[in-house]
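S.K.: after the sequence you'll find the predicted model.
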Amino acid sequence: MAKTAITPTRNQDFAEWYQQVIIAADLAENSPVRGCMVIKPYGYAIWENIQRIFDAKIKKLGVENAYFPLLIPLEFLSKEAEHIDGFAKECAVITHHRLKKGPDGKLVPDGELQSPYIIRPTSEAIIGNVISKWINTYRDLPLKLNQWCNVMRWEMRPRMFLRTSEFLWQEGHTVFETESEAREDALKMLNTYYDFMTQELALPAIKGEKTPEERFPGAKNTYTLETMTQDGKALQAGTSHYLGQSFSNAFNIKFLGRDNAQHTAYTTSWGISTRLIGGIIMTHADDDGLVLPPAIAPHQVVIIPLIHDASTANQINAYCADVQQALENLDIRTHIDATENSAPNKIWKWIKKGAPIRLEIGLKEVSESKLTLGRRDKPKPEKTFLTLKQLNEIPIILKQIEDTLRQRSIVTRDCCIQAVNSINHLDELFNRDFKGWAVMNKDLTDTPVFAEIAQKYSLSRRCIPQEGYPQNSVFIAKSY
RNA sequence: CGGGGUGUAGCGUAGCCUGGUAUCGCGCUUGCUUUGGGAGCAAGAGGCCGGAGGUUCGAAUCCUCUCACCCCGACCA
């Protein structure tokens, strides 16, 4: 058995393996504040790539970025009844606006606010309040806004990237004249997420709709992208909501229509978050650490100079610089690891950090004008040799790596989806410690006996798939 | 909020029962030899033993209080 870079392995202890992958790749660390994490430069670079790619996609759809405040007047939240029910339990509340020295010299809150603020758990409320003033006539519609920001939901059990109290996300908010336009938009954003996840991120996402108990508080319909992790659980990787007139009613989003009468607008909202990074880890990483889809890898190619003695250092470094320049001309993000670590350490470091391609360049490569290439989607010892002229094949290889990750994750997912035809069957399946999703007729799950089984195994209805499964199916799984 | 744990160097730990100079590994620093599958040797630096109080000649160790974190449930992108 070869030594793995990460201990424990996925089979030994999946939860611990996940933490170790993050540490080994230097993505993030826990902070002094429970539930909040420090995203380190390498992890943040992944998020920046996610932002850059997705931001371009929504701008093509006519969405504009804006920024709304972190703090929301407490009373705003209470304007939408379901919304408050959903979020009240996890809101951080600002009650004071300064500190003073207490009797024992310690700082204590002072200056109690007459009306407290909450830290946004999502921004429907404040955006609804603000844009109601922006919208007067049908000519002001549609309005398509997005913001990249942080939000806070006080979580009981945080896990880095997958569930943190503070997280980074984008939240899109759109407003339309008609129900059909808003419904169409919610589905369009679902598809936009689907394309992003399945293409650039190579995630095996399944499109579907949430059952009522899993809906966003205040939504009429919640659409979701569920992906399967390597331990067979489900992860909600993105959501798009058709909000109907719930928030328009609550925040008075009205407009003068083409018929010269007042109408209530229809809204949507949709989001993806830093949870995606957790999803990428849980989907693609292996017992040697992170494996990054090339589209979002901070460095798509890492050049590792192998310098044995000072006399050849200059030639090797010059060769590396030339290769880097050539790759950058091909728009490939390329990094030279010029650290003084030993060669094996550098190689292992970039395996653990999930670089899609490693180029090992030593005297041999220089003298023979070739490249020795290690692919992260292949076993460690397996190497590819290219001539210098074949450099322009590297974009193709990056695409192949992305394809491998996508295919591999789809196969893993499909192997772990089990059709069941009765509640008894479901019970039997999870009683045998099944690691995966069950798919069954939804009507069978609208029953008290299903609720009992769901409770017994911590299962929930993940989504009603939009395509690829029989009508009226629903996925049942454990989830993150 | 229930149930179970843990706090000793940057990280991981031994010591605690039975009080007496702070243990080991990794990492770090310096030097030499190494480097294409996780290097070796040598010499170093680094600690209010989570915090407060108490018992004692003497506390990491015993007693009381307190704080923090982790794991399992309920909640969630």
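M.R.: That came through, no problem.
S.K.: which stretches of the stretch 1-150 of chain A form helices?
M.R.: Using DSSP state H, counting those that start in this stretch, the helices of the stretch 1-150 of chain A run over A:14-24, A:41-60, A:74-77, A:81-87, A:124-134.
S.K.: mind putting those helices in JSON lines, distance to A:S311 and mean neighbour count included?
M.R.: (Glycine included, C-beta is placed from N, CA and C.) Converted to JSON lines, these look like this (distance: least, Cβ to Cβ, whole Å; neighbours: other Cβ atoms under 10 Å):
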{"stretch": "helix A:14-24", "distance to A:S311": "34", "mean neighbour count": "19"}
{"stretch": "helix A:41-60", "distance to A:S311": "33", "mean neighbour count": "16"}
{"stretch": "helix A:74-77", "distance to A:S311": "69", "mean neighbour count": "18"}
{"stretch": "helix A:81-87", "distance to A:S311": "66", "mean neighbour count": "17"}
{"stretch": "helix A:124-134", "distance to A:S311": "64", "mean neighbour count": "21"}
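S.K.: which of those comes out lowest on mean pLDDT?
M.R.: Ranked by mean pLDDT, the helices of the stretch 1-150 of chain A bottom out at helix A:81-87, with a mean of 82.
S.K.: now it: how far from the chain's centre is it?
M.R.: Its chain's C-alpha centre and that of helix A:81-87 lie 24 Å apart, by Cα atoms, centre = their mean, to the nearest Å.
S.K.: near RNA strand B at all, that helix?
M.R.: Yes: interface with RNA strand B: helix A:81-87 contributes A:G86 (Cβ under 7 Å from any atom of the strand).
S.K.: what do you get for stretch A:317-328?
M.R.: No: using Cβ under 7 Å from any atom of the strand, stretch A:317-328 never reaches RNA strand B; the gap is at least 10.3 Å.
S.K.: ok, residues contacting stretch A:400-408?
M.R.: A:198, A:200, A:202, A:204, A:284, A:291, A:293-295, A:356-357, A:375-377 (Cβ atoms under 8 Å, 6 or more residues apart in numbering).
S.K.: if you set the cut-off to 10 Å instead, what comes out?
M.R.: Here stretch A:400-408 makes contact (Cβ atoms under 10 Å, 6 or more residues apart in numbering) with A:198-204, A:280, A:283-284, A:291-295, A:297, A:300, A:356-357, A:375-378, A:393.
S.K.: using PDB, write out every CA atom in that stretch.
M.R.: C-alpha atoms of stretch A:400-408 as PDB (Å, rounded to 0.1, in the frame of the first residue of the first chain):
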ATOM      1  CA  GLN A 400      -8.800  16.400 -20.600                       C
ATOM      2  CA  ILE A 401      -8.200  16.700 -16.900                       C
ATOM      3  CA  GLU A 402     -11.500  18.600 -16.400                       C
ATOM      4  CA  ASP A 403     -13.300  15.900 -18.500                       C
ATOM      5  CA  THR A 404     -11.700  13.100 -16.300                       C
ATOM      6  CA  LEU A 405     -12.900  14.800 -13.100                       C
ATOM      7  CA  ARG A 406     -16.400  15.300 -14.500                       C
ATOM      8  CA  GLN A 407     -16.700  11.800 -15.800                       C
ATOM      9  CA  ARG A 408     -15.300  10.200 -12.700                       C
END
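S.K.: what's the mean pLDDT across the helix or strand that contains A:V439?
M.R.: Following DSSP states H and E, one finds A:V439 within strand A:437-441. Mean pLDDT, strand A:437-441: 95.
S.K.: now the next helix or strand after that strand and strand A:437-441, what's the angle there?
M.R.: Later in the chain than strand A:437-441, the nearest helix or strand by DSSP H and E is helix A:448-457. Taking axes from the mean of the first three to the mean of the last three Cα atoms, to 10 degrees, one finds that helix A:448-457 is oriented at 180 degrees with respect to strand A:437-441.
S.K.: now for helix A:448-457, which elements pack on it?
M.R.: Applying 3 or more Cβ pairs under 10 Å, 6 or more residues apart in numbering; DSSP states H and E, we find helix A:448-457 packed against helix A:423-431, strand A:460-465, strand A:473-477.
S.K.: so which of these comes closest to RNA strand B?
M.R.: Nearest of these to RNA strand B, taken as Cβ to the nearest atom of the strand: strand A:460-465 at 7.8 Å.
S.K.: just checking, A:L77 touches A:E90?
M.R.: No: under the criterion of Cβ atoms under 10 Å, A:L77 is not in contact with A:E90, lying 11.4 Å apart.
S.K.: shared neighbours, the two?
M.R.: Taking Cβ under 10 Å, 6+ apart as the contact rule, A:L77 and A:E90 both touch A:P121.
S.K.: if we can go back for a sec, helices or strands up against the strand holding A:V439?
M.R.: Packing contacts for strand A:437-441, counted by 3+ Cβ pairs under 10 Å, 6+ apart, involve strand A:417-419, helix A:423-431, strand A:460-465, strand A:473-477.
S.K.: would you format the helices of the stretch 1-150 of chain A as a markdown table with distance to A:W154 included?
M.R.: Shown next, in a markdown table, are the helices of the stretch 1-150 of chain A (distance: least, Cβ to Cβ, whole Å):
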| stretch | distance to A:W154 |
| --- | --- |
| helix A:14-24 | 21 |
| helix A:41-60 | 22 |
| helix A:74-77 | 14 |
| helix A:81-87 | 10 |
| helix A:124-134 | 17 |
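S.K.: picking up where we left off before, between the helices and strands packed on strand A:437-441, which gets the lowest average pLDDT?
M.R.: Among these, helix A:423-431 scores lowest, at a mean of 91.
S.K.: so which bits of that one are buried?
M.R.: By neighbour count on 16 or more other Cβ atoms under 10 Å, the buried set for helix A:423-431 is A:423, A:426-427, A:429-430.
S.K.: same question for stretch A:86-101.
M.R.: A:86-87, A:91, A:94.
S.K.: then stretch A:327-347?
M.R.: A:327, A:332-337, A:346-347.
S.K.: quick one, strands of the stretch 251-400 of chain A?
M.R.: Residue ranges of the strands in the stretch 251-400 of chain A, as given by DSSP state E, counting those that start in this stretch, are A:254-256, A:262-264, A:266-273, A:301-305, A:334-336, A:357-361, A:370-375, A:383-387.
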